[in-house]
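S.K.: All I have is the shape, not the residue letters:
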């Protein structure tokens, strides 16, 4: 079986910006190249493709070659006959789309394209729909080999593999999933099978926010159950209302808008009545401290908030799954898929426009 | 100026279930009746309406009457000529809708209906649209006198007043807002003016989750700025993705579904690489502890998760504001208002159906 990994992983970022060896441990290579290294060591026919191999220190190249990793600057060469193609390409979506389009026609029959931490597999799948039809490559599956850690560090002990759960139409076959599981396990890793749409929020760096939001749901549930003694449906309603509103305000207006609109002083005063049991509300207390210390934590965001005015109206609390249900009833499943694609595009462009302004 | 408060506030809940005097302080009355008490003390002509006044202890009734609060079991009597009508009615939406419809025709010209912690003003406003037209009461404004605390406790030092910010069509006039501000300030309270749709997530008991989600955004922003050194747009993108997914999973599948689908073990393993600086990640550490201790915090939710299977597919990461933008382009503003109303209805009914099952 042939495995092709695209993207070496930025040594400059890992070593000089993030200080991975001091902070997390391990030694170069990190990223896609570390994945290739472990697949080769596990006995797989492994190719690593990257356009900038000439910038990699000789001793790192040697480590890879000694383990049997084939190195190339040519994506097509790497893709030829590959049963598993793993994209550890840069975060800028355009590059990943382009590499995926380039390699698609060259993969082995029933090959599977996997994204990692740099791209949602559903976004890529949706983008590649035309190419799949044009090339007649409906046999190719789409999943993930998401490291949910930096490959090459001791924390990297697992891969998240995307399944068809929650999807209307499958993007990957059972056999392809089994192939990825075996590859990961042969490389000494644990595997987690997750619904495709949940791989990024669980595996990406944003797991910080995912875990904290999860804690916000559970801690409030506990207070509601043990202290407030309110109905479960009300608890869940309020959890959704809170998370949906914060998500929407950031999506629509950015962090400066979030701070201005939610009103930090109002939140602080309101929260005071809701610290009802300090023993079970450690996350609440930590959140309260962030509210208090915001001027020293992020003075630049408070400055943004001062001059913020909303660009246009918005209904931040409208719950997304119910909007989707309603839209599907109105326009049908096919149109809905197009709407979802456009919605994501709008989101990407709104966020990056805000940054430029 | 006449102020009418509807709903005494459940003494049984405050005293016997929540133990407010021990936990937060103050003494009865609590809730709507405590609000009426302070308005009367501030010199306002104040009526308090409740169908169950006969169950209130005589000494509490005396306290209210001594301060000049008029007590009645008749909502229409209370509403007659009221300039400000405050609904401290029970959480079950049906009762609040009914009281609001009953009192609407009897309010003074330019009267204003305010909800508190028991009902979103936008949901009420949307529900009452027909009645407003039928009765020709477009003069009546809709806002909030949200205590964001339990009235009668020492934590209650403020009111949240809903403004038209973020709305396309105003629901309250400047004069009506000023009237509410004066009423609150005369009662010795600070006022916060908030966009109507943000009053509930900031003022309700769910502020616990709102504040924690806010902390999740800020703490991750700080890590991204200082340690990961990633682009601001990527940070905001991941914050939205994380919060939107957790919100959607709870809305669609409840807390049991959330736990099953996000996969607690995968989250724990993924989070390990993202504790990069313990000094600035206290909320992350607290979230990590909740993930570790979930079996003792909420064994009943883990049990639900074990047997959970998703009722139908879902796209949990679709960002709600962009969906709304896209829908407005498709169907126009008027239809969108109807869709929002239906979306909320669907949400309420999905949540309560889940509970019964």
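M.R.: Thanks, I have the structure now. Given the structure is predicted, the values throughout are model-derived calculations rather than measurements.
S.K.: Bridge partners for the nearest residue to residue A:184 once chain neighbours are set aside, pull those for me.
M.R.: Once flanking residues are discounted, residue A:184 sits nearest to residue A:159: 4.2 Å by Cβ to Cβ, 6 or more residues apart in numbering or on different chains. Using the backbone N, CA and C atoms, a C-beta is placed for each residue, glycine as well. Per DSSP bridges, the residues bridged to residue A:159 are residue A:191.
S.K.: Can you give me the pLDDT of residue A:159?
M.R.: Looking at residue A:159, its pLDDT stands at 98.
S.K.: Pull the contacting residues for residue A:227.
M.R.: Residue A:227 makes contacts with A:276-277, B:18, B:23, as judged by Cβ atoms under 8 Å, 6 or more residues apart in numbering or on different chains.
S.K.: scratch that, residue A:36 is what I was asking about
M.R.: Applying Cβ under 8 Å, 6+ apart, the residues near residue A:36 are A:3, A:5, A:46-48, A:64, A:69.
S.K.: By neighbour count, which of those wins?
M.R.: Taking other Cβ atoms under 10 Å in any protein chain shown as the neighbour criterion, residue A:5 ranks highest of the contacts of residue A:36 with 32 neighbours.
S.K.: returning to what we had before: columns secondary structure on top of the contacts of residue A:36, output as CSV?
M.R.: CSV is the format used below for the contacts of residue A:36 (DSSP: H, G, I helix; E, B strand; the rest coil):
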residue, secondary structure
A:3, strand
A:5, strand
A:46, strand
A:47, strand
A:48, strand
A:64, helix
A:69, coil
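S.K.: Does residue A:176 touch residue A:110 like I think?
M.R.: Yes. Under the contact definition of Cβ atoms under 8 Å, residue A:176 touches residue A:110, with a separation of 6.7 Å.
S.K.: what do the two both touch?
M.R.: residue A:141.
S.K.: Same drill for these two, tell me which one is more crowded.
M.R.: Taking neighbours as other Cβ under 10 Å, residue A:176 and residue A:110 compare with residue A:176 leading, 23 against 14.
S.K.: can you give me the helices for the stretch 51-200 of chain A?
M.R.: Applying DSSP state H, counting those that start in this stretch to the stretch 51-200 of chain A gives helices spanning A:58-66, A:75-79, A:93-103, A:121-127, A:129-135, A:174-186, A:196-203.
S.K.: Quickly compare those helices and say which is most buried.
M.R.: helix A:196-203 (a mean of 27; mean count of other Cβ atoms under 10 Å in any protein chain shown).
S.K.: Which elements pack onto the helix or strand of chain A at the bottom of the mean pLDDT ranking?
M.R.: Averaged element by element with mean pLDDT, DSSP states H and E, chain A has its least confident helix or strand at helix A:320-356 (a mean of 80). If contacts are counted by 3 or more Cβ pairs under 8 Å, 6 or more residues apart in numbering or on different chains; DSSP states H and E, helix A:320-356 sits against helix A:121-127, helix A:232-262, helix B:232-262, helix B:320-356.
S.K.: Give me the neighbour count for residue A:45.
M.R.: Residues near residue A:45, counting by other Cβ under 10 Å: 16.
S.K.: Not counting sequence-adjacent ones, nearest residue to it?
M.R.: residue A:2 (4.6 Å).
S.K.: now residue A:321
M.R.: residue B:252 (4.3 Å).
S.K.: just residue A:65 next, same as before
M.R.: According to Cβ to Cβ, 6+ apart, the nearest residue to residue A:65 is residue A:71 (6.8 Å).
S.K.: And residue A:320, by the same measure?
M.R.: residue B:320 (4.1 Å).
S.K.: how close does that neighbour get to residue A:292?
M.R.: 29 Å (Cβ to Cβ, to the nearest Å).
S.K.: and what of residue A:22?
M.R.: 31 Å.
S.K.: Between those two, point out the one with more neighbours.
M.R.: Counted by other Cβ under 10 Å, residue A:22 and residue A:292 do not tie: residue A:292 has more neighbours, with 12 against 8.
S.K.: Surely the more buried one touches residue A:268?
M.R.: Yes. Contact criterion Cβ under 8 Å: residue A:292 and residue A:268 qualify, at 6.9 Å.
S.K.: re the thing from before, which of the contacts of residue A:227 count as buried?
M.R.: The neighbour count (16 or more other Cβ atoms under 10 Å in any protein chain shown) marks A:276, B:18 as buried among those.
S.K.: which of the contacts of residue A:227 sit farthest apart?
M.R.: Greatest spatial distance among the contacts of residue A:227 (Cβ to Cβ): A:277 and B:18, at 11.5 Å.
S.K.: related to what we said a few turns ago, residues contacting the residue nearest to residue A:321?
M.R.: Applying Cβ under 8 Å, 6+ apart, the residues contacting residue B:252 are A:321, B:310-311, B:314, B:316, B:350.
S.K.: before we move on, the earlier item: okay if I get the contacts of residue A:227 as a markdown table plus distance to residue A:344, pLDDT and secondary structure?
M.R.: Rendered in a markdown table, the data for those read as follows (distance: Cβ to Cβ, whole Å; pLDDT from 0 to 100; DSSP: H, G, I helix; E, B strand; the rest coil):
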| residue | distance to residue A:344 | pLDDT | secondary structure |
| --- | --- | --- | --- |
| A:276 | 39 | 93 | coil |
| A:277 | 41 | 93 | coil |
| B:18 | 43 | 91 | coil |
| B:23 | 45 | 91 | helix |
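S.K.: Now tabulate the contacts of residue A:227 in CSV and tack on distance to residue B:222.
M.R.: Listed next are the contacts of residue A:227 as CSV, based on distance: Cβ to Cβ, whole Å:
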residue, distance to residue B:222
A:276, 28
A:277, 28
B:18, 35
B:23, 33
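S.K.: what's the closest of the contacts of residue A:227 to residue B:202?
M.R.: residue A:276 (17.6 Å).
S.K.: And the closest residue to the closest one other than its chain neighbours, what's its pLDDT?
M.R.: Nearest residue to residue A:276, sequence neighbours excluded (Cβ to Cβ, 6+ apart): residue A:227, at 4.7 Å. You'll see residue A:227 listed with a pLDDT of 94.
S.K.: I'd like the distance between residue A:227 and residue A:6.
M.R.: 52 Å.
S.K.: and what of residue A:229?
M.R.: In terms of Cβ to Cβ, residue A:229 sits 55 Å off from residue A:6.
S.K.: Now the most centrally placed residue in chain A: closest residue in space, sequence neighbours ignored.
M.R.: Geometric centre of chain A, nearest residue: residue A:200, 2.6 Å, by Cα atoms, centre = their mean. What sits nearest to residue A:200 in space, not counting adjacent residues and going by Cβ to Cβ, 6+ apart, is residue A:120, at 4.9 Å.
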